Structure formats: C-alpha cells, structure tokens
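> Everything below, folded, please.
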Amino acid sequence: GGLARAAAALRDRAHAALHTGPWREVPAVWREAYMFAALHLAQADRPAASRDAALGLVRTLDLGLMLGSSAFRRELLAAVESIE
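Next up is the predicted model:
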C-alpha cells in the first residue's frame with residue numbers, strides 16, 4: 001500500500017544520503033530516517049508468507065540496525081525477535 005511505498009522511498013533516499021561521504025559527516029537524521037523506514041517496511045510486509053519472506057524482513061531490520069542510530073533500536077530489535 002501507500003505506507004509501504006512511502007517507507008521504501010524514504011529508505012532509498014536515506015540510503016543514498018548515508019553513502020554520500022564519510023559516515024561521521026552524514027547528519028544523524030538520515031540514520032534515524034533509515035531506521036524508521038526499515039521498521040515500517042518490515043511492518044508492512046508482515047506476516048511473512050514464507051521462510052524467504054521472513055529472511056527478507058530480518059534483513060530489512062538488520063540493515064536498519066546497522067545503518068541507523070539508536071533512535072528506533074528497541075523497536076527494531078523487538079520486531080526481529082517477533083519474527084524469530
């Protein structure tokens with residue numbers, strides 16, 4: 001739906017912003033935006049219809065944790081745990 005498309009667009013824009021220069025020079029808001037988008041993408045794709053879909057959800061959340069800040073960390077970790 002519309003939320004998933006908006007979250008995907010935000011994720012893509014944040015990903016591009018995170019890879020435009022040295023990591024420490026990228027504004028923290030882009031890390032937070034990436035996490036927010038990953039969380040909403042994972043929520044939009046639930047429930048996972050197959051093992052491959054579940055792995056895709058975990059990958060989305062994992063990238064959110066790796067590329068993000070601490071802003072939505074608790075929520076992303078809880079989402080990963082609910083899939084496992």
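
> buried residues in stretch 25-34?
Neighbour counts over stretch 25-34 (16 or more other CB atoms under 10 Å) mark 26, 30-34 as buried. Using the backbone N, CA and C atoms, a C-beta is placed for each residue, glycine as well.

> Show me those residues that map onto helices.
Assignment to helices by DSSP state H places the following of the buried residues of stretch 25-34 there: 30-34.

> I'd like the residues you listed written out as TSV, with distance to Ser70 and pLDDT added.
Output for those, formatted as TSV (distance: CB to CB, whole Å; pLDDT from 0 to 100):
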residue	distance to Ser70	pLDDT
Trp30	14	95
Arg31	9	94
Glu32	9	94
Ala33	14	95
Tyr34	13	94
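
> Need the residues you listed in TSV (columns: distance to Ala7).
Written out in TSV, the entries for these read as follows (distance: CB to CB, whole Å):
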residue	distance to Ala7
Trp30	15
Arg31	16
Glu32	14
Ala33	10
Tyr34	11
